[in-house]
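In: next come a sequence and a model predicted from it.
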Amino acid sequence: MGEKYATLILLRHGQSLWNLENRFTGWKDIDITKTGEEEALHAGKLLKNEKIDIAFTSTLKRAQHTLNIILKVCGIENIPVVKNKLLNERCYGSLEGLNKSDTALKYGLDQVMIWRRSYDIAPPGGESLKDTAERVLPYYHKSIVPQLMEGKTVLVVAHGNSLRALMMFLEHLSPQEIINTELPTGIPKKYTMNKSLQILKMELMI
């Protein structure tokens with residue numbers, strides 16, 4: 001498989017206000033909570049020795065705020081940071097802002113779980129995970145892969161579903177497997193790669 005050449009680290013933003021309130025967030029620009037800030041601080045301490053060269057994030061403040069805390073903790077506030085809406089969270093359409101329990105009462109739990117957990121069924125006016133992957137993966141190949149090909153350590157701070165779309169590709173997961181895969185807030189997932197960007201090792205940094 002070859003020797004270690006590049007490192008990719010994925011991190012879901014710290015707890016947001018609407019995570020706390022159990023609401024569908026999606027494209028709504030909601031910031032992180034005090035707990036979210038603490039999660040970001042902890043992630044920063046875990047990443048301090050990783051020698052991160054460049055960071056990518058979304059255009060949403062909960063991801064950017066998380067990243068800014070990490071950069072400060074690591075003392076690397078001057079590294080390049082690329083912000084792009086293609087890394088934004090999955091759009092939940094007309095469900096955005098609604099409490100998940102209330103939504104289950106309104107539409108039925110089975111229907112809400114189909115919207116939340118199926119791979120290719122989108123909520124009204126929103127995106128499925130498949131739709132999300134169709135914007136995240138081309139961006140990964142165009143913008144992130146070239147950095148990895150240079151042997152860099154790349155940090156991506158984004159969202160539950162945009163990162164799950166990436167994990168599905170990296171880990172060769174089926175639609176059924178990705179449905180049952182979660183990335184907790186504030187816990188870095190590290191992929192060590194060889195020169196062909198094959199994964200030599202992956203680990204949750206806890």
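Out: That came in fine, so what should we check first?
In: for the rest of this, base every contact and every neighbour count on C-alpha atoms.
Out: OK.
In: where does this structure dip in pLDDT?
Out: Within the chain, no range satisfies pLDDT under 70.
In: for it, what spans make up the strands?
Out: Secondary structure of the chain by DSSP state E: the strands cover 6-12, 54-57, 81-83, 153-158, 189-193, 199-204.
In: what about residue 49, how many neighbours?
Out: Using other CA atoms under 10 Å, residue 49 is surrounded by 9 other residues.
In: now do the same contact list for the nearest residue to it once chain neighbours are set aside.
Out: Once flanking residues are discounted, residue 49 sits nearest to residue 74: 8.0 Å by CA to CA, 6 or more residues apart in numbering. The contact partners of residue 74, by CA atoms under 8 Å, 6 or more residues apart in numbering, come to 44, 45, 47, 48, 49.
In: if you rank those residues by neighbours, which is first?
Out: Going by other CA under 10 Å, residue 44 tops the contacts of residue 74 with 24 neighbours.
In: residue contacts, that one?
Out: Taking CA under 8 Å, 6+ apart, we find residue 44 in contact with 69, 70, 71, 72, 73, 74.
In: could you rerun that using 10 Å?
Out: Neighbouring residues of residue 44 by CA atoms under 10 Å, 6 or more residues apart in numbering: 38, 66-75, 186-188.
In: now the two most distant members of the residues you listed.
Out: Across the contacts of residue 44, the longest distance by CA to CA is 19.1 Å; it joins 75 and 187.
In: same drill for those two, tell me which one is more crowded.
Out: Between residue 75 and residue 187, residue 187 has the larger neighbour count (other CA under 10 Å), namely 21 against 12.
In: so what does that one have for phi and psi?
Out: For residue 187, the backbone dihedrals are phi -110, psi 110 (criterion: degrees, to the nearest 10).
In: hang on, it packs against residue 204?
Out: Yes: the criterion here is CA atoms under 10 Å, and residue 187 meets it with residue 204 at 6.8 Å.
In: joint contacts of these two?
Out: Applying CA under 10 Å, 6+ apart, one finds that residue 187 and residue 204 are jointly contacted by 10, 11.
In: quick check: the gap between the nearest residue to residue 189 once chain neighbours are set aside and residue 176.
Out: Spatial nearest neighbour of residue 189, excluding adjacent residues (CA to CA, 6+ apart): residue 204 at 4.5 Å. Residue 204 is 21 Å from residue 176, where distance means CA to CA, to the nearest Å.
In: all helices for this structure, in order.
Out: Using DSSP state H, the helices of the chain run over 17-20, 34-47, 61-74, 100-107, 109-117, 129-139, 145-149, 160-170, 175-179.
In: fine, thanks again, bye for now.
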